[in-house]
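S.K.: Here is my input; please provide its structure:
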Amino acid sequence: MDFKKLLAYQKAFSLAMEIKKVSETFPKDEKYALTDQVRRSSRSVCANIAEAYRKRRYINHFISKLTDSDGENSETSVWLDFALECNYLLKSQYIDLVNKSEEIGKIINYMILNPTKFGCKS
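M.R.: Numbering: from 1, shown residues only. Sure thing, here's the model as predicted:
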């Protein structure tokens, strides 16, 4: 199985692309602050899932990279909080993006708790 077929990866990639699109409307003075941060953290969720999958031969490495992915997902949520408070997002956009982030977090946690279902040897 390819990591790109993992549900967590697919949903995280989709969210990262949505965040990229919505963040294009953020003010230019946020380019190197909020805009860059939210894009990088959302993309990092995907990258860490990919790394975890490639390290699944070693259960502790797999879990470690998924933990990093979960952390990046939480960071993305914080940046979305700032975007809402700064009025860069509509409340409806914010709710949609945060709900998707929470769903991704649940999937990542499932993977962490069930590594053998993803090719790790116990």
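
S.K.: My guess is residue 23 contacts residue 40. True?
M.R.: No: counting by CB atoms under 8 Å, residue 23 does not reach residue 40; the two are 10.8 Å apart. All C-beta atoms are positioned from the backbone trio N, CA, C, and that covers glycine.

S.K.: can you give me the helices in this structure?
M.R.: Ranges of helices in the chain, per DSSP state H, are 7-23, 36-54, 59-85, 91-113.

S.K.: Give me the more crowded residue out of residue 23 and residue 40.
M.R.: Per other CB atoms under 10 Å, whichever of residue 23 and residue 40 has more neighbours is residue 23, with 22 against 15.

S.K.: Distance of the closest residue to the more buried one other than its chain neighbours relative to residue 109?
M.R.: Counting by CB to CB, 6 or more residues apart in numbering, residue 23 lies nearest to residue 35, which is 4.9 Å off, once chain neighbours are set aside. Using CB to CB, to the nearest Å, one gets 28 Å for the distance from residue 35 to residue 109.
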